[in-house]
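> let me see the structure of the following:
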Amino acid sequence: MAGDPVKSCAPGAGRTQFGAPPEVETVNLRRATVEDAAMMAVVGTATFLEAYTWALPGADIVDFCTQNHTAESYAKYLAKPETRITLAVTGQDAPVGYAMICAPDLAGFEIREGDTELKRIYLFSRFRPGGNGQRLLDAALADARELGCRRILLGTNAGNARAIAFYRRNGFSEVGTRTFVVGVQHCCDVIFGREL
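Residues are numbered from 1 along each chain as shown. This is a model prediction of the structure:
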């Protein structure tokens, strides 16, 4: 017999008790550093999974994440001077989203001098109310300007109406298309651009 569950879960002796999550959680933004590479791999995988389960087979999502959302890949990005990652964190520095700009990697699209790419912007859905997604985008735009970039580009799935509306509200317009591969899925992405 396991004993009295109340006594075995009593506070103290290194045990933490969890209550109900707060109705509204404060999201803080901070700059990611190379030391955050492992954290980035976790939040990158988790937010990509939440964002695309509606559209892609699980095997393809897992394949994409195990290749692209690794501590090593984020460490390489963060070591480059043209990369900036803003982390959205809550509680005791728990990551709930991020925005990342870097040198453009948009196959088949003509890149101009002074371009940067909003490579990724993700935020867990429970943290989207209250303008936190807008705060992440604003941080990415500020980083791009600080780096002296003149245009910011991004690719988003052509079927993601919510994201497309968000980018249009923020002054982005369609400048091209590309094929984006996730696992064995070839997805049609719309490329948006905004002058800075």
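
> so residue 192 is in which element?
Taking DSSP states H and E as the definition, residue 192 sits inside strand 185-195.

> does anything pack onto that strand? Which helices or strands?
Counting contacts by 3 or more C-beta pairs under 8 Å, 6 or more residues apart in numbering; DSSP states H and E, strand 185-195 packs against strand 151-157, helix 161-169, strand 173-182. Heads up, the C-betas are built off the backbone N, CA and C, glycines and all.

> what about 10 Å?
Under the contact criterion of 3 or more C-beta pairs under 10 Å, 6 or more residues apart in numbering; DSSP states H and E, strand 185-195 touches helix 58-68, strand 115-123, strand 151-157, helix 161-169, strand 173-182.

> that strand pairs with which strands?
Paired neighbours of strand 185-195 in the sheet (DSSP bridges): strand 151-157 (antiparallel), strand 173-182 (antiparallel).

> quickly compare those strands and say which is most buried.
Greatest average neighbour count among those goes to strand 151-157 (a mean of 22), per mean count of other C-beta atoms under 10 Å.

> and the residue nearest the centre of the chain?
residue 122 (3.1 Å; C-alpha atoms, centre = their mean).

> touching, it and residue 86? I think so.
No - Residue 122 is not in contact with residue 86 according to C-beta atoms under 10 Å; the separation is 11.5 Å.

> shared neighbours of the two, anything?
Counting by C-beta atoms under 10 Å, 6 or more residues apart in numbering, the contacts common to residue 122 and residue 86 are 97, 98, 99, 100, 136.

> how distant is the helix or strand containing the second one from the center of its chain?
Read that as residue 98. Per DSSP H and E, residue 98 falls inside strand 94-102. Strand 94-102 sits 4 Å away from the centroid of its parent chain (C-alpha atoms, centre = their mean, to the nearest Å).

> show me what that strand is packed against.
strand 28-31, helix 37-52, helix 71-78, strand 84-90, strand 115-123, helix 132-146, strand 151-157.

> so, low pLDDT: which residues of this structure?
1-24, 180-181, 183-185, 187 (pLDDT under 70).

> measure the closest residue to residue 186 other than its chain neighbours to residue 69 for me?
Spatial nearest neighbour of residue 186, excluding adjacent residues (C-beta to C-beta, 6 or more residues apart in numbering): residue 179 at 5.2 Å. According to C-beta to C-beta, to the nearest Å, residue 179 and residue 69 sit 20 Å apart.

> that's all I had, so thanks and see you.
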